[in-house]
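**Student:** All I have is the shape, not the residue letters:
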């Protein structure tokens, strides 16, 4: 158990850490698809446009609603404020969903403070480890398509944990809530669609083997996930989009690159990030406090090899779902999703191995000095979430006011584009703006005919305006 001084120190570190990421959201700006979807949303009715997206681009029936009715549809002045609020809200909602997941997992055996500490630790680990946090939380189109279903899935999984731990309490409201969450999550993107089907199929098979009966609730919600998957998978637009990739549907390429990329990212997360250390700290924490009986029995009962394979299987599924239709990894949006699930899956595997292997053999701090471990853990959190890796870049961007200069420079862009459109100018060279180091923002292309440049010009009222960006000074 953490002593009082360690608890206070830990919460200070966690609150400062998460506040820095929220502050970063106050300076972000829309880019890329944000402008093109905003233009489409402003100029077309929602329902006809949704059918057009379904028939010509993808089957994401839910996230398409959100991106076509994004904050920029309100205009830049009001839209930018809402855009930034949504970026911060995505972080806070993920914290809430993680807290609900912890609450469901450990019932009432943890204090409220411990539950919130675990939730904040998880979100900070995600923010620290994600390959492209900008696309995960700060870019509206990416956040609505991938991070929203990430957070919602924690609610789904937490509800299933409560379902199995508490003698299967079901009500009409519970079933309707789970059904609604599945429909929303599966309708956001193809990867979460596959995850919903695979998770519910695995739950049904596991329960059928253990109980020798077919649970109608599990079967019914799996059917819902399958129906949603069919709707997404059979969208005619998938073929149109897939045709842009020459190496699509190559089985050998999908398998080879899927395995290679899985090994690449899991190795990086385990050995070049603090995940391994934090999972070890979690195991030590479990030993230092009375165990939640239901959770402890689960850790004893789970096959340790399947538990160890689970985090790597999650990443492999993400890679296969990405490579099969496109033949390329592309942007890191799907890798972000894999990272989001890899972290808790790896921590669960570590706990299983600690209960079944390490602790019985007396390995890994059988009798740790509580005060020493508490102090080291607070120091680890402080260094990780304030000064190392991407978190160090966040601190540097804020303290050096680089994010402020980026904000002012981008506002100057808006002013120059507006003036050029009003004056009827045909070309515009924008001044170079330094992008914050902690945000991987896709810059405008060097060609004014690139779709991003055209989308930006079109949003301001003149798609024919040739926009270029001045090269950085030597």
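**Tutor:** Cool, got the structure. Predicted model only: the values in this text are computed from it and were never measured.

**Student:** For residue 468, pull up the helix or strand it's in.
**Tutor:** Take DSSP states H and E as the rule and residue 468 turns out to sit in strand 466-469.

**Student:** Now do the same contact list for residue 453.
**Tutor:** Residue 453 makes contacts with 444, 445, 447, 466, 467, 468, as judged by CB atoms under 8 Å, 6 or more residues apart in numbering. No exception for glycine: its C-beta is placed from N, CA and C like everyone else's.

**Student:** In space, what's closest to it - neighbours in sequence excluded?
**Tutor:** residue 467 (4.8 Å; CB to CB, 6 or more residues apart in numbering).

**Student:** just checking, that neighbour touches residue 430?
**Tutor:** Yes. Under the criterion of CB atoms under 8 Å, residue 467 makes contact with residue 430 at 6.5 Å.

**Student:** what do those two both touch?
**Tutor:** Here residue 467 and residue 430 share the contacting residues 417, 444, scored by CB under 8 Å, 6+ apart.

**Student:** Reformat the contacts of residue 453 as a markdown table; add neighbour count.
**Tutor:** Output for the contacts of residue 453, formatted as a markdown table (neighbours: other CB atoms under 10 Å):
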| residue | neighbour count |
| --- | --- |
| 444 | 20 |
| 445 | 15 |
| 447 | 13 |
| 466 | 17 |
| 467 | 24 |
| 468 | 16 |
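
**Student:** Least confident of these?
**Tutor:** Ranked by pLDDT, those bottom out at residue 445, which has 88.

**Student:** list the buried ones in the longest helix anywhere in the chain?
**Tutor:** Secondary structure assigned by DSSP state H gives helix 76-106 as the longest helix of the chain. Neighbour-count burial for helix 76-106 flags 76, 79-80, 82-84, 86-91, 93-106 (criterion: 16 or more other CB atoms under 10 Å).

**Student:** And that helix, what does it pack against?
**Tutor:** Contact partners of helix 76-106 among helices and strands, from 3 or more CB pairs under 8 Å, 6 or more residues apart in numbering; DSSP states H and E: helix 4-25, helix 112-129, helix 140-142, helix 148-165.

**Student:** repeat that with 10 Å
**Tutor:** helix 4-25, helix 33-43, helix 112-129, helix 140-142, helix 148-165, helix 293-301, helix 333-353, helix 402-423 (3 or more CB pairs under 10 Å, 6 or more residues apart in numbering; DSSP states H and E).

**Student:** Residue 436: which of those is closest?
**Tutor:** helix 402-423 (5.0 Å; CB to CB).

**Student:** Just give the strands next to the helix or strand that the closest one is followed by in its sheet, each with its orientation.
**Tutor:** With elements assigned by DSSP H and E, the helix or strand that comes after helix 402-423 is strand 427-430. Strand pairing for strand 427-430, using DSSP bridges, gives strand 466-469 (parallel).

**Student:** Show me the contact partners of the partner strand.
**Tutor:** With CB atoms under 10 Å, 6 or more residues apart in numbering as the test, strand 466-469 has contacts from 413, 416-417, 420, 425-433, 443-450, 452-454, 456-457, 460.

**Student:** if I pick residue 432, what's in contact with it?
**Tutor:** 409, 443, 469, 470, 471, 472, 473.

**Student:** from memory the fourth one sits against residue 431, does it?
**Tutor:** Yes. If you go by CB atoms under 10 Å, residue 470 and residue 431 touch, sitting 5.4 Å apart.

**Student:** and the longest helix of the chain, how far from the chain's centre?
**Tutor:** 11 Å (CA atoms, centre = their mean, to the nearest Å).

**Student:** between it and helix 33-43, how big is the angle?
**Tutor:** Interaxial angle of helix 76-106 relative to helix 33-43 (axes from the mean of the first three to the mean of the last three CA atoms, to 10 degrees): 110 degrees.

**Student:** still on that earlier bit, how far away is the residue nearest to residue 453 from residue 419?
**Tutor:** Residue 467 sits at a distance of 13 Å from residue 419 (criterion: CB to CB, to the nearest Å).

**Student:** Please enumerate the shared neighbours of these two.
**Tutor:** With contacts taken as CB under 10 Å, 6+ apart, residue 467 and residue 419 have 428, 460 as neighbours in common.

**Student:** How about the contacts made by residue 326?
**Tutor:** Here residue 326 is in contact with 241, 242, 244, 245, 246, 247, 248, 249, 254 (criterion: CB under 10 Å, 6+ apart).

**Student:** ok, now with 6 Å
**Tutor:** 245, 248 (CB atoms under 6 Å, 6 or more residues apart in numbering).

**Student:** where does it land on pLDDT?
**Tutor:** Looking at residue 326, its pLDDT reads 90.

**Student:** Quick check: it vs residue 22, distance?
**Tutor:** On the measure of CB to CB, residue 326 and residue 22 end up 34 Å apart.

**Student:** Helix or strand, whichever it is, which one in the protein has the lowest mean pLDDT?
**Tutor:** Across the helices and strands of the chain, mean pLDDT, DSSP states H and E gives its lowest value to helix 293-301, namely a mean of 78.

**Student:** Other residues contacting that one?
**Tutor:** Applying CB under 6 Å, 6+ apart, the contact partners of helix 293-301 are 106, 165, 351, 352, 355.

**Student:** Identify each buried residue in it, please.
**Tutor:** Quick answer for helix 293-301 (16+ other CB under 10 Å): 295, 298, 299.

**Student:** quick one: low-confidence parts of the stretch 301-450 of the chain?
**Tutor:** Applying pLDDT under 70 to the stretch 301-450 of the chain flags the ranges 364-370.

**Student:** rerun that using 90 as the cut-off
**Tutor:** Where the stretch 301-450 of the chain drops to pLDDT under 90, the residues are 301-302, 329-331, 358-384, 440-443, 445-446.

**Student:** before we move on, what about the stretch 151-300 of the chain?
**Tutor:** Along the stretch 151-300 of the chain, segments meeting pLDDT under 90 span 161-171, 206-213, 215, 238-247, 272-274, 277, 279-300.

**Student:** Run through the residues that contact the residue nearest to the spatial centre of the chain.
**Tutor:** In the chain, the centroid-proximal residue (CA atoms, centre = their mean) is residue 147; its distance is 3.9 Å. Contacts for residue 147 (CB under 6 Å, 6+ apart) come out as 90, 136, 137.

**Student:** Can you tell me the closest non-neighbouring residue to residue 278?
**Tutor:** Nearest to residue 278 is residue 125, by CB to CB, 6+ apart, at 6.3 Å.

**Student:** same deal with residue 450?
**Tutor:** Leaving aside its sequence neighbours, residue 450 sits nearest to residue 444 (CB to CB, 6+ apart; 7.4 Å).
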